[in-house]
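> Need the 3D shape of this:
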Amino acid sequence: MKVKELKDAIYKKDNKELINFIRDNFEQNGNIPVSRYRNNLDTLKKIDHDTRNTLVARLSKLEEGYNAWQGLGGIIALIVLFISSYSSFATIIMGETGASLGSFIIAVIVFLLITSKIGDSRLERSTAIYFKQLVTDTHESEKEKKD
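Numbering: from 1, shown residues only. This next block holds a predicted model:
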């Protein structure tokens, strides 16, 4: 990888594309040959100070943005309010059994949607945290070598 390619990814890619770029080039889970991974780390060490600072700031923002638990309490309160309102209204129209079944189905669907969103968010957040730490560590090791 060339420094220009890395800088383009940092400055031009949207958040999702940047996370995918990091996974493809820097997450060593046996998916990248060791020589290519080391080459990518060497490229990371070559980026200038301003680009590195921009990258760390952007990764911090991503880390915070992908925090799935933030605001979840309010969403859950709204969902409970909606389900209880639905249940009360449905009891009048469909009777007790229909309302209970409808509320259960809605609750299951909402649960599945929330858990899938949290799972995706956790993976993206962990990638941002990993790469932020990698950037910081490579910068620190380069500073130590110069001293």
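
> what helix or strand is Ser141 on?
helix 72-146 (DSSP states H and E).

> same deal with Glu64?
helix 49-65.

> Give me the contact list for that helix.
By C-beta atoms under 8 Å, 6 or more residues apart in numbering, the residues outside helix 49-65 that reach it are 7, 10-11, 15, 18-19, 47, 70, 124-125, 128-129, 131-132, 135-136, 139. Bear in mind the C-beta positions are built from the backbone N, C-alpha and C, glycine included.

> List the buried residues of it.
By neighbour count on 16 or more other C-beta atoms under 10 Å, the buried set for helix 49-65 is 52, 55-56, 58-59, 62-63.

> avg pLDDT for stretch 80-94?
Stretch 80-94 shows a mean pLDDT of 71.

> What about Thr127, how many residues nearby?
21 (other C-beta atoms under 10 Å).

> Next, work out how far apart it and Glu5 are.
18 Å (C-beta to C-beta, to the nearest Å).

> how many other residues sit next to Ile22?
Count around Ile22 with other C-beta under 10 Å applied: 21.

> show me what contacts it?
Residues in contact with Ile22 (C-beta under 8 Å, 6+ apart) are 127-128, 130-131.

> sec struct for it, please.
Recorded secondary structure, Ile22: helix (DSSP: H, G, I helix; E, B strand; the rest coil).

> and stretch 6-20, what's its mean pLDDT?
91.
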